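Chemist: okay, predicted coordinates and the sequence, questions at the end:
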Amino acid sequence: MPSGNRAVVLKLLFATFFWGGTWIAGRVVVQEMAPLAAASWRFCIASLILGFLVLIREGRPLWSFRDWLFMTALGLSGIFCYNLFFLYGLRLVEAGRGALVVAFIPALIALADWLFFRTPMTSRKASGVCLALLGCLLVVTRGQLLMLIHGGIGVGEWLLLGCAFTWTAYTLLTRHQSRHFTALAMTFGGCFTGWLMLTAAALVNGSLFAFEGVTWHGWSSLIFLAVFGTVVAFTWYSDAIKRIGSVRTAAFINLVPIFAVLQGALLLDERLGVAVLAGGAIVLFGVFITNQPQRSENVPIPESATGQPLHNEGDD
C-alpha cells in the first residue's frame with residue numbers, strides 16, 4: 001500500500017473513532033436539547049470553522065448556481081435528513097444499539113455503486129463487506145443474532161435506518177463530484193447548506209434558542225459533535241472517497257459501532273463479552289479484505305481539483 005494511502009487509512013480510523021463517539025455525545029445532547037436545535041448549533045459551529053479554513057487555504061468560493069445546487073444536495077442528504085433521523089432516533093433507541101444501523105451503510109453503498117456507476121463488484125470486496133456486516137451484528141447484539149428477528153423494529157429503528165439511506169446518498173454525491181471540488185470545499189458546502197435548512201426548521205418549531213436546562217455535559221457534547229464529529233471526520237471521509245474510492249472508504253464505517261461500544265464500555269463501565277471481541281476482530285478482518293487492491297484491476301488514476309494525480313486503488 002502506498003504511503004499516501006496509509007495516511008488516508010489512518011485518518012479514516014480516527015474519523016470512525018470520532019463518529020463512534022458521536023453516538024454517545026448525541027445521546028447526551030438530545031436528553032438536554034431539542035434535536036433540531038442541537039443539529040442547528042452543531043453545524044453552525046462546524047460551518048464557521050470550515051468556512052474559515054476554506055478562506056485561508058482556497059480563498060473565497062466562486063461557485064456557480066449549479067455548484068450551489070450540488071452543495072445543497074449534500075446538505076439535504078448528509079446533514080439535514082441524516083441528522084433528523086439520527087437525533088430523533090437516538091431519543092427512542094439507546095446509542096449502542098442505534099449504532100447497528102451503520103453496519104448496513106457499506107453494503108448499501110457497494111450495491112448503489114454497482115447499480116448506478118457500474119463499479120465492478122469483485123468477490124473479494126463482496127466477501128469483505130459481508131464479513132464486516134456479520135462482525136457488526138455480533139458486536140451490537142452481543143452474539144445473540146436472533147434478537148434482530150424477535151425484538152421487532154420500532155419507530156426508532158426505522159428512523160435510524162433512514163440514516164443508512166441518506167448517508168449512502170451523501171457518499172455517492174461526494175464520489176460523483178470529487179474531481180471538481182476539494183474535500184474541504186465539499187464538507188463546508190454541505191455543512192453550510194444543511195445548517196441553513198436545520199436552522200429554518202428549528203425556528204419554525206421554536207426550539208432554536210431553548211437553552212434552559214442544558215448543562216456543561218450537553219454543551220461539551222455539542223462541541224465534540226461539531227469539531228471532531230463534523231469538521232475533522234467529514235473532511236477526512238470526503239478526502240478518502242476521492243483517494244481510495246467510495247466502497248473501500250465506506251467499509252471503514254463498520255468500525256463506528258465497534259468504537260461506539262468500546263467508548264460506551266469505557267464511559268459507562270460496561271463489560272465486554274467474548275462475542276463483542278470476536279465481532280470486532282471479524283469487522284477488522286472484513287475491512288482489511290475490502291481494502292486489498294485487486295492486482296488485475298486496471299483503474300485509471302483520476303486527478304484532483306488542483307490537477308494533481310491521486311493514488312486510487314479502489315472502486316472508482
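Modeler: That came in fine, so what should we check first? Numbers count the residues shown, from 1 in each chain.

Chemist: and whatever helix or strand Cys44 lives in, what's buried?
Modeler: Cys44 belongs to helix 35-57 when assigned by DSSP states H and E. Within helix 35-57, the residues scored as buried using 16 or more other CB atoms under 10 Å are 35-47, 49-51, 53-54. To be clear about C-beta, it is placed using only N, CA and C from the backbone, and glycine gets the same treatment.

Chemist: the longest helix seen in the chain: how far from the chain's middle?
Modeler: Looking across the chain with DSSP state H, the single longest helix is helix 3-32. Counting by CA atoms, centre = their mean, to the nearest Å, helix 3-32 is centred 8 Å from the centre of its parent chain.

Chemist: pLDDT below threshold where in the chain?
Modeler: Within the chain, the stretches with pLDDT under 70 are 1-4, 94-101, 103, 140-142, 144, 146-154, 157, 268-272, 291-316.

Chemist: and Gly194, what element?
Modeler: Judged by DSSP H and E, Gly194 forms part of helix 183-204.

Chemist: tell me what the helix or strand just after that helix is packed against?
Modeler: Sequence-wise, the next helix or strand downstream of helix 183-204 (DSSP H and E) is helix 216-226. If contacts are counted by 3 or more CB pairs under 8 Å, 6 or more residues apart in numbering; DSSP states H and E, helix 216-226 sits against helix 3-32, helix 35-57.

Chemist: give the buried residues for helix 216-226.
Modeler: Here helix 216-226 shows 218, 221-222, 224-226 as buried, counting by 16+ other CB under 10 Å.

Chemist: relative to helix 216-226, how tilted is the helix or strand following it?
Modeler: Of the helices and strands lying after helix 216-226 in sequence (DSSP H and E), the nearest is helix 233-244. Angle of helix 233-244 versus helix 216-226, following axes from the mean of the first three to the mean of the last three CA atoms, to 10 degrees, is 20 degrees.

Chemist: which residues touch the next helix or strand after helix 233-244?
Modeler: Per DSSP H and E, the first helix or strand lying C-terminal to helix 233-244 is helix 246-251. Contacts with helix 246-251, where a contact means CB atoms under 8 Å, 6 or more residues apart in numbering, come from 12, 105-106, 109-110, 113, 119, 125, 128-129, 132, 171-172, 174-175, 237, 240-241, 286-287, 290-291, 313-316.

Chemist: state the distance from the residue nearest to Ile45 when sequence neighbours are not counted to Arg124.
Modeler: Closest residue to Ile45 apart from its sequence neighbours, by CB to CB, 6 or more residues apart in numbering: Ala226 at 3.8 Å. Relative to Arg124, Ala226 is positioned 37 Å away (CB to CB, to the nearest Å).
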